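Visitor: Quick one: sequence plus predicted model below, questions after.
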Amino acid sequence: MRAPLHVIVGLGSGQLATIAHPRGDGWETAELTALADTGVDVLVSALTATEQLRMGLDGVSATAAALGLEFIPFPATDGGALREEAARVIVLASRLAAHVHAGRFVATQCFGGVGRSTLLACTTLVLLGIAPGEALRRVTGGSDMPVTRDWLYEFSVHQATHLQH
């Protein structure tokens with residue numbers, strides 16, 4: 001596998017990872033097979049439709065399904081636009097948290113394996129009960145990602161307020 005998984009530790013029986021886009025022209029069958037062999041059950045791609053088309057990801061869903069991988073396309077614009085797509089992020093992260101809680105291995109992927117995939121992974125961790133700062137530390141290793149950090153803290157405060165009512 002050419003794009004390495006960044007596995008986030010400390011989640012019980014389930015696992016969560018981020019991964020960069022595949023090098024070359026899309027996910028080759030060998031790369032998807034390597035992901036499946038590693039134990040990945042769910043692969044989420046946060047690439048935009050343009051990025052997906054440019055990288056030849058048209059047949060990924062069928063190939064992934066044949067290998068027993070659930071492929072979830074989640075086209076999202078890189079950068080601050082995810083703030084505008086907050087409801088979609090939260091719905092998907094809730095679904096991913098349920099997968100992790102059930103013991104499945106989820107990998108989130110975007111162009112660089114940071115940014116969009118990091119936001120999805122961190123939001124999933126917050127929904128699993130991990131504080132935003134700790135979620136960021138686990139996913140980024142301490143790298144500064146202000147958009148993700150700000151969004152996560154706002155989301156966490158909103159979640160806490162919502163749970164109190």
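Guide: That came in fine, so what should we check first?
Visitor: So which residue is dead centre in the protein?
Guide: Centrality entry for the chain: nearest residue to the mean C-alpha point is T108, 2.5 Å, by CA atoms, centre = their mean.
Visitor: tally of neighbours for the nearest residue to that residue once chain neighbours are set aside?
Guide: Of all residues not flanking T108 in the chain, S117 sits nearest, at 4.0 Å (CB to CB, 6 or more residues apart in numbering). Heads up, the C-betas are built off the backbone N, CA and C, glycines and all. Close neighbours of S117, defined as other CB atoms under 10 Å, add up to 28.
Visitor: list the contacts for S117?
Guide: T18, I19, V44, A46, T108, Q109, C110 (CB atoms under 8 Å, 6 or more residues apart in numbering).
Visitor: Quick check: which element contains it?
Guide: helix 116-127 (DSSP states H and E).
Visitor: now do H99
Guide: helix 86-101.
Visitor: on contacts alone, who are the packing partners of that helix?
Guide: Judged by 3 or more CB pairs under 8 Å, 6 or more residues apart in numbering; DSSP states H and E, the packing partners of helix 86-101 are strand 15-19, strand 42-45, strand 105-109, helix 116-127, helix 146-164.
Visitor: from the middle of its chain, how far away would that helix be?
Guide: 9 Å (CA atoms, centre = their mean, to the nearest Å).
Visitor: avg pLDDT for it?
Guide: Helix 86-101 carries an average pLDDT of 89.
Visitor: orientation of that helix relative to strand 105-109 in degrees?
Guide: Relative orientation of helix 86-101 and strand 105-109, computed by axes from the mean of the first three to the mean of the last three CA atoms, to 10 degrees: 150 degrees.
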